[in-house]
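*Asks:* Below are the sequence and a predicted model for it; my questions follow.
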Amino acid sequence: MLIRSIEAEWSKLRHSMIWAVLLVLPVISILLGSGNYFGNRQILSKEWYSLWTQVVLFYGYFFFPVLISICCAYSCRLEHFNHNWNSLMTAPIPIEYVFIAKLISIGMLTLFVHLFTCGLYLLAGFLFKFQSPIPFELIGWFIRGFCASLVIAALQLCLSMLIKSFAASVGLCMGGCIVGLALMLKGYGMFFPYSLLSLGLGSVSQKGLSANDNLLFAGMTVLFIAVFSLWGIGRLKRKDVIA
Amino acid sequence: MKLLILEFNKLKRRKIPLTIFMLLAAQFAWGLGGSMSHIRNGSDDGWAYIVYFYATINSLFMPILIAVLASRISDLEHKGSTFKMLLTQIPAQKLYLSKFLCCVVFVIITALGQMAAITLTGFMAHLPEAYPIKLILFHGLGTLTASIPIIALQLGISMLVVNQMFALTAGLAGGFIGIMSMLFPAGISKLFLWSYYASLSALAPKIIDNARMIVLINYSVDIGSVAVVLISGIILYLSGSIIFSKKEC
């Protein structure tokens, strides 16, 4: 039943041109980041590490979270039209599968964006003919970045289910990113969902997280996903969802 | 004028002032934090630094805010499929103009709010210099001028494409390009419409000894930049208006 729910979510995305939206941001991020790296190679001397910071700096702070919020808002868009929430809530599937299927489908989209960004980053590095080997830390950045993106997806999915307007939930995400940046600079980034992505991607420090920090990161990720998912599912079960 | 008032009536209870307020609050918090460390180092360009800081973060925030505003203004008719009915009563160009002016009014409100936020930031920092009314007015005018082509572009996308996802993605990409273009040489950054917030602010950064940055004030108007921005705005507005009037709704 869950597989069929996920298939239903995928079929809603057909012919939506969401692929164009998902591809644009990583391409712009890599082009601008690579351009800036190329123009400042005398200062940015750490090759792969310097290129990574240029690519993911603003990408991790603002633009990937807002892209995730756009995906979540689009996922709920069909239900907000023509009283479709009412129809969905009368469907013979467990209510939790509605939320989980949406979260999994958005997770697959963010995984695609993440893989595409990393692929373009590696391509840019090869085109620059870097002498040093590909950093081992890339695996950690990738995994932590993807996990943090699921946290944002879970929260934004809850907001998109609540808010009918497409733009409003995206605007809230932007506000959350700004608060997340402030908290990260103050040292509280681990405890706020929107700042986990920047920490996980290593956009500020390429040293990587210590073992304790990795444990805390994993714990906060699981906690946030669980809390937001339970909130979203609980709201669907308890509230009279009126479309 | 009546159409403009009708547009504002349509936006009642859609929490657009709240959206603008949240953006201004975020800019104020970021501006206050970002300016304080520079001011505490004993620099004598306090007000100029604060205004320049706001001008640079405008490159990030304003394209996204304008995209959200244009989307909220346009999606009422898209959701209700009421464009066709509306266009039986008023010409398409007048409807487009009223929505454009509605966006411009909200951006003016945002610019005024920023001027107030800059003033509050400066007073909270207890700056010794005199209050630079001319500089702050210049900043407000520069913000509005730089926003004109972006409003025209975003409104065009929001009005012509039903799915607001594309308009918001364009705004997001614009914000990204705007903030990154500041890292490029001046000649290349001027190719991007989203990079003009800093260049139309009468301020320029200068790196002095020990890599310390100060901000210099230069009130001479860059006629070339203003011309590029205004001509682009006119072209984008006319393109959007003509395509909308010919489009089957």
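*Replies:* Great, that's in hand.

*Asks:* So what's the residue count around the closest residue in space to B:D75 that isn't next to it in sequence?
*Replies:* In this structure, B:D75 finds its nearest non-sequential neighbour in B:Q164, 5.5 Å apart by CB to CB, 6 or more residues apart in numbering or on different chains. C-beta: built from backbone N, CA, C; applies to glycine. Look at B:Q164: counted by other CB atoms under 10 Å in any protein chain shown, it has 27 neighbours.

*Asks:* and the residue of chain A positioned farthest from its centre, what are its phi and psi?
*Replies:* Most distant from the centre of chain A: A:Q42, at 32.5 Å, with distances by CA atoms, centre = their mean. When quoted as degrees, to the nearest 10, the phi and psi of A:Q42 stand at phi -70, psi -40.

*Asks:* elements contacting the helix or strand hosting B:I231?
*Replies:* Under the criterion of DSSP states H and E, B:I231 resides in helix B:223-246. Packing partners of helix B:223-246 (3 or more CB pairs under 8 Å, 6 or more residues apart in numbering or on different chains; DSSP states H and E): helix B:92-124, helix B:133-160, helix B:196-199.

*Asks:* okay if I get the ones you listed as CSV plus mean neighbour count?
*Replies:* Converted to CSV, these look like this (neighbours: other CB atoms under 10 Å in any protein chain shown):
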stretch, mean neighbour count
helix B:92-124, 19
helix B:133-160, 22
helix B:196-199, 26
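
*Asks:* Take those helices and write them to CSV, including mean pLDDT and distance to B:S241.
*Replies:* Shown next, in CSV, are those (pLDDT from 0 to 100; distance: least, CB to CB, whole Å):
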stretch, mean pLDDT, distance to B:S241
helix B:92-124, 92, 5
helix B:133-160, 92, 8
helix B:196-199, 85, 22
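
*Asks:* To A:K237, which of the ones you listed lies closest?
*Replies:* Ranking those by proximity to A:K237 (CB to CB) places helix B:133-160 first, at 35.2 Å.

*Asks:* by how many degrees do the closest one and helix B:223-246 diverge?
*Replies:* Helix B:133-160 and helix B:223-246 are oriented at 30 degrees to each other (axes from the mean of the first three to the mean of the last three CA atoms, to 10 degrees).

*Asks:* number of nearby residues for the residue nearest to A:L138 when sequence neighbours are not counted?
*Replies:* Take A:L138 and drop its neighbours on the chain: the residue closest to it by CB to CB, 6+ apart is A:C118, 7.0 Å away. Other residues within reach of A:C118, judged by other CB under 10 Å, total 20.

*Asks:* With B:Y237 instead?
*Replies:* Look at B:Y237: counted by other CB under 10 Å, it has 20 neighbours.

*Asks:* list the contacts for residue 195?
*Replies:* Chain wasn't specified; assuming chain A. Applying CB atoms under 8 Å, 6 or more residues apart in numbering or on different chains to A:S195 gives the contacts A:180-181, A:183-184, A:188-189.

*Asks:* other chain: chain B
*Replies:* Taking CB under 8 Å, 6+ apart, we find B:S195 in contact with B:59, B:177-178, B:181-182, B:189.

*Asks:* Any stretches of the chain with poor pLDDT?
*Replies:* Unless you meant another one, I'm taking chain A. In the predicted model of chain A, residues A:204-208, A:240-243 satisfy pLDDT under 70.

*Asks:* let's do chain B instead
*Replies:* Residues of chain B that meet the criterion pLDDT under 70 lie in B:41-44, B:206-215, B:217-220, B:249.

*Asks:* circling back to that earlier point, now do the helix holding B:I231: distance to the chain's middle.
*Replies:* Taking CA atoms, centre = their mean, to the nearest Å, one finds helix B:223-246 lying 16 Å from the centre of the chain it belongs to.

*Asks:* tell me what the strand or helix carrying the residue nearest to A:L138 is packed against?
*Replies:* Assigned by DSSP H and E, A:C118 falls within helix A:95-127. The elements that helix A:95-127 packs onto, with contact taken as 3+ CB pairs under 8 Å, 6+ apart, are helix A:2-13, helix A:18-39, helix A:48-58, helix A:64-80, helix A:137-162, helix A:211-238.

*Asks:* The last one vs helix A:95-127, what angle?
*Replies:* Put simply, helix A:211-238 runs at 140 degrees to helix A:95-127, going by the same axes, to 10 degrees.

*Asks:* Please tell me how far the most centrally placed residue in chain A sits from chain B.
*Replies:* The centre of chain A sits closest to A:S149, judged by CA atoms, centre = their mean, with a distance of 3.1 Å. Remark: distance between A:S149 and chain B (CB to the nearest CB, to the nearest Å) = 16 Å.

*Asks:* Hmm, that residue is touching A:V66, no?
*Replies:* No: under the criterion of CB atoms under 8 Å, A:S149 is not in contact with A:V66, lying 11.8 Å apart.

*Asks:* My read is that A:I152 contacts A:I68, right?
*Replies:* Yes: using CB under 8 Å, A:I152 makes contact with A:I68 at a distance of 4.9 Å.

*Asks:* Tell me the residues that contact both of those two, please.
*Replies:* A:C173.

*Asks:* chain center to the longest helix belonging to chain B, what's the gap?
*Replies:* Ranked by residue count under DSSP state H, the longest helix found in chain B is helix B:46-80. Computed by CA atoms, centre = their mean, the chain-centroid distance of helix B:46-80 equals 5 Å.

*Asks:* and what of stretch B:161-174?
*Replies:* Averaging C-alpha positions (CA atoms, centre = their mean) puts stretch B:161-174 16 Å from its chain's average.

*Asks:* what does stretch B:168-186 give?
*Replies:* 13 Å.

*Asks:* now swap in stretch A:116-128 and tell me
*Replies:* When distances are taken as CA atoms, centre = their mean, stretch A:116-128 is centred 20 Å away from the chain's centroid.

*Asks:* Check stretch A:209-224 too.
*Replies:* What separates the centre of stretch A:209-224 from the centre of its chain is 17 Å, taken as CA atoms, centre = their mean.

*Asks:* Would you mark the buried spots in it?
*Replies:* A:209, A:217, A:220-221, A:224 (16 or more other CB atoms under 10 Å in any protein chain shown).

*Asks:* Kindly report the residues of chain A close to chain B.
*Replies:* For chain A, the contact set with chain B under CB under 8 Å from any CB of the partner chain comprises A:16-18, A:21, A:24-25, A:28-29, A:32-33, A:35-36, A:39-40, A:58-59, A:62-63, A:66-67, A:70, A:73-74, A:77, A:81, A:165-168, A:170-171, A:174-175, A:178-179, A:181-182, A:185.
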